[in-house]
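Trainee: Pasted the sequence and its predicted model underneath.
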Amino acid sequence: MNQIDYDLLNSQLRALLKDEHDALAAAANFVALLYNALDEVNCLGIYVLRGDELVLGPFQGKPACTHIALDEGVCGAAASTLLTQRVGDVHAFPGHIVCDPDSRSELVVPLVSHGQLIGVLDIDSPITRRFSEADQDGVEKLCDSFCELQENRKYFI
Ligand code: SME
């Protein structure tokens, strides 16, 4: 597995998004950039907070679950606690929602803009314990950049 230079990726993300005023386009490119940078990932995307549920937004991978309640799954846990969920073995996570049966581990980071939850970034891997602490730290910083730049945009995702 390739070691990722998250600082470099963060610079690339900020360059890619800095002049994008439309949040949907920015989200789509954020997801595409990260999906192509990470090895051993079968699904990567954003679930957007819509009322009291998470709804599938821009993503890469096979067709996925479209609506997730805030008390369901790994995504719901990240959204309701506002804490990143790094799950080494999804079969050991009570209530894990199977979207792609190939998934073995998962990293879900809450997206918070202006102090408000706007969604989560969900990354699935077919490899057990695919995500390290360094991955969590790097991906959280990318999400921070995405959300910070989001604050200047005209539309919310
Ligand atoms: N496994 C997630 C659902 C989303 S899919 O993995 C794309 C969960 O338990 O919330």
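Mentor: Ah, there it is.
Trainee: Correct me if wrong: residue 135 contacts residue 109.
Mentor: No: here residue 135 does not reach residue 109: they are 10.4 Å apart, not a contact under CB atoms under 8 Å. The way it works is simple: take the backbone N, C-alpha and C, and place the C-beta from them, glycine included.
Trainee: the more surrounded of these two?
Mentor: More crowded of residue 135 and residue 109, by other CB atoms under 10 Å: residue 109, with 24 against 17.
Trainee: Do a quick rundown of the strands in this structure.
Mentor: Assigned by DSSP state E, the chain shows strands spanning 43-50, 53-61, 67-69, 85-87, 105-113, 116-125.
Trainee: With mean pLDDT and distance to the ligand added, can I get those in TSV?
Mentor: Output for the strands of the chain, formatted as TSV (pLDDT from 0 to 100; distance: least, CB to the nearest ligand atom, whole Å):
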stretch	mean pLDDT	distance to the ligand
strand 43-50	97	5
strand 53-61	97	7
strand 67-69	98	6
strand 85-87	98	8
strand 105-113	97	6
strand 116-125	96	5
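Trainee: Which residue, other than its chain neighbours, is closest to the residue nearest the centre of the chain?
Mentor: In the chain, the centroid-proximal residue (CA atoms, centre = their mean) is residue 121; its distance is 1.5 Å. Residue nearest to residue 121 in three dimensions, not counting chain neighbours: residue 109, with 4.7 Å by CB to CB, 6 or more residues apart in numbering.
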